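Trainee: The following comprises the amino acid sequence and a computationally predicted model.
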Amino acid sequence: MKVTKVALEEREMPTSWYNVVPDLPEPLPPVLHPGTGKPVTPDDLAPIFPMELIKQEVSTEPHVEIPEEVQEIYKMWRPTLLHRAYRLEKELDTPAKIFYKYEGGSPPGSHKPNTAVAQAYYNKKEGVKRLATETGAGQWGSALSMGCMFFGLECKVYMVRISYEQKPYRRILMESWGAKCVPSPSKDTKAGENILAQDPDSPGSLGMAISEAVEDAATHDDTKYSLGSVLNHVLLHQTIIGQEAMKQMEKAGAYPDIIVGCVGGGSNFAGTFLPFIKDKIKGKKPDLRIICAEPKACPTLTKGPYAYDFGDVAGLTPLLKMYTLGHTFVPPPVHAGGLRYHGMAPIVSHLHKLGLIEARSESQVSIFEAGITFARTEGIIPAPEANHAVKVAIDEALACKKSGQGKTILIALSGHGHFDLGAYDEYLSGKLPDYEYPKEKVKEALAALPKVAK
Ligand SMILES: Cc1ncc(COP(=O)(O)O)c(C=O)c1O
């Protein structure tokens, strides 16, 4: 029977998150304290995160139960659908079977509430009153605003200035859910003031906004910090996507040969592929290919070294072993705001270093071209971030056409682009610029990598 979309019943929604850590072929490098150079302890992290999330960050349990209250909220839009992209396949005239797992049906329009709701829940449970965070394109900020609203927490969002200006409707979305949103760098923090003193026209970056949000949390007793990507607990919460997708692929009588997704900090894609990579690691599907798509303007995995670096510009965070373009790197203002991050999740970085996943970088114009092809076949207008995944999937499907192989491709379609229509407008009117990889600037930024004893 022809399967166009696969739904799961609410009762089939996974009730635990999958933790890849015990299944890794080699252990993750430790997170280091920048002052001592020693591995961080839970006490080091306690001023900015609630203890339950710190425990999850270092957990070696294979599964972590999803609290009932979080499951209840997930069920407002989960399980999300798995679609078969018949019309895209036909347009490409490919023998490949293309599936996509669509996270754009959540209220804020992306995968981000999977962790936002969980983080708001654990903070509320530990008596926190207010959360501070950063946001790029505004997807994460809006997701956390909604998560905080559900649990009665205040929320302050530092939004990368370039996105704040490009996407005013995201701010309004955050304010509608009761959050306060300011452009970053802002004058609300010392970190922001210092950056503005050096460059009053700074377009901002995720690294800068993180510095502001961490400082906010560290200087307010009732406030903790919340991060929308990169960290182990965030990837853990996103594994609801991949676990659902596994059940749905099974229902469709298929298993992916190739999984593609976009990576900013790595959370939506890791959340999708981690449950599958277990089969690759354990030898059940050794030839599974997992391809990370990133912008040519911010080529972390494809051009950055694997090194210890700060997660933010001001150097307030612990040191993470990751692919990085240097914490002072300010990426060009491409529309995929959520992919403008200098670093990468330590788990994703580790898997890349071990050769278990691949990476590819794509240009801004080419990803919008792919997004329009998707919109004109499947109807959905993807987020600019997700267009990177669509571009790689289309290229792989065209390679199948050449080779005559009917491979199964799974796309992690992380969100919709309804708040990014200005960017689509630029593309459609031929005004969208492409950005060259700023080699010299990256070189400068890499010179500022922290020194860590071997
Ligand atoms: C729709 C969408 N996809 C992807 C990303 C990138 O984040 P991550 O790599 O953590 O999934 C973002 C970040 O804002 C986003 O909004």
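Mentor: All right, it came through fine.
Trainee: burial of P42, as a residue count?
Mentor: Residues within reach of P42, counting by other CB atoms under 10 Å, total 12. Every C-beta, even on glycine, is put in place using the N, C-alpha and C of the backbone.
Trainee: What of G283?
Mentor: By other CB under 10 Å, neighbour count at G283 equals 7.
Trainee: Is it in a helix, a strand, or coil?
Mentor: Following DSSP: H, G, I helix; E, B strand; the rest coil, G283 is assigned to coil.
Trainee: Tell me which residue of the stretch 201-350 of the chain lies closest to the ligand.
Mentor: Proximity of the stretch 201-350 of the chain to the ligand (CB to the nearest ligand atom) peaks at G338, 2.2 Å away.
Trainee: buried ones in stretch 92-105?
Mentor: L92, T94, A96, K97, I98, F99, Y100, K101, Y102, E103, G104 (16 or more other CB atoms under 10 Å).
Trainee: for stretch 12-23, same thing?
Mentor: Under the neighbour-count criterion of 16+ other CB under 10 Å, stretch 12-23 has M13, P14, W17, Y18, N19, V20, V21 buried.
Trainee: who's the residue in the stretch 351-454 of the chain positioned nearest to the ligand bridged to?
Mentor: In the stretch 351-454 of the chain, the residue that lies nearest the ligand is G415 (3.0 Å; CB to the nearest ligand atom). Listed beta-bridge partners, G415: S110 (assigned using DSSP bridges).
Trainee: residues contacting the closest residue to the ligand within the stretch 1-150 of the chain?
Mentor: Closest residue of the stretch 1-150 of the chain to the ligand, CB to the nearest ligand atom: Q139 (3.0 Å). Shown in contact with Q139 (CB atoms under 8 Å, 6 or more residues apart in numbering): P108, G109, S110, K112, R170, G338, A383, E385, G415.
Trainee: wait, the last one sits on P382?
Mentor: Going back to what we said before, that points to G415. Yes: applying CB atoms under 8 Å as the test, G415 and P382 come out as touching, 7.2 Å apart.
Trainee: Which residues are in contact with each of the two?
Mentor: G104.
Trainee: what separates the residue of the stretch 351-454 of the chain closest to the ligand from R84, distance-wise?
Mentor: 20 Å (CB to CB, to the nearest Å).
Trainee: cool, and E385?
Mentor: For E385 relative to R84 (CB to CB), the value is 22 Å.
Trainee: who's more crowded, those two?
Mentor: Just comparing E385 and R84: by other CB under 10 Å the higher neighbour count belongs to E385, 31 against 19.
Trainee: who in the stretch 51-200 of the chain is up against the ligand?
Mentor: With CB under 6 Å from any ligand atom as the criterion, the stretch 51-200 of the chain meets the ligand at residues S110, G136, A137, Q139, W140.
Trainee: where does V365 sit relative to P295, distance-wise?
Mentor: Applying CB to CB, the value for V365 to P295 is 11 Å.
Trainee: thought H352 was touching A345?
Mentor: No: at 9.9 Å, H352 and A345 do not qualify as touching, with contact defined as CB under 8 Å.
Trainee: can you pull the pLDDT of M1?
Mentor: Looking at M1, its pLDDT reads 65.
Trainee: Return the subset of the buried residues of stretch 92-105 lying in strands.
Mentor: Here DSSP state E is the test, and those give K97, I98, F99, Y100, K101, Y102 as lying in strands.
Trainee: From the residues you listed, pick the one nearest Y164.
Mentor: Lowest distance from Y164 to those (CB to CB) belongs to Y102, with 26.7 Å.
Trainee: If you tally nearby residues, what's the number for the nearest residue to that closest one once chain neighbours are set aside?
Mentor: Spatial nearest neighbour of Y102, excluding adjacent residues (CB to CB, 6 or more residues apart in numbering): L413 at 4.7 Å. Other residues near L413 number 32, with proximity taken as other CB under 10 Å.
Trainee: for L413, phi and psi?
Mentor: Main-chain torsions, L413, degrees, to the nearest 10: phi -100, psi 100.
Trainee: That one and A393 touch, don't they?
Mentor: No: assessed by CB under 8 Å, L413 is found out of contact with A393, at 9.3 Å.
Trainee: Give me the common contacts of the two.
Mentor: Counting by CB under 8 Å, 6+ apart, the residues touching both L413 and A393 are Y100.
Trainee: and the nearest residue to C262 once chain neighbours are set aside, how many neighbours?
Mentor: Nearest non-adjacent residue to C262, counting by CB to CB, 6+ apart: H388, 4.0 Å away. Using other CB under 10 Å, H388 has 34 neighbouring residues.
Trainee: Surely H388 and G338 touch.
Mentor: No: here H388 does not reach G338: they are 10.2 Å apart, not a contact under CB under 8 Å.
Trainee: how about low-confidence regions in the protein?
Mentor: For the chain, the stretches with pLDDT under 70 are 1, 454.
Trainee: wait, what's in contact with the residue most central in space within it?
Mentor: When CA atoms, centre = their mean is applied to the chain, the residue found nearest the centroid is S267 (3.8 Å). When contacts are counted by CB under 8 Å, 6+ apart, S267 touches H111, T115, G228, S229, V230, V234, L235, Q238, A345.
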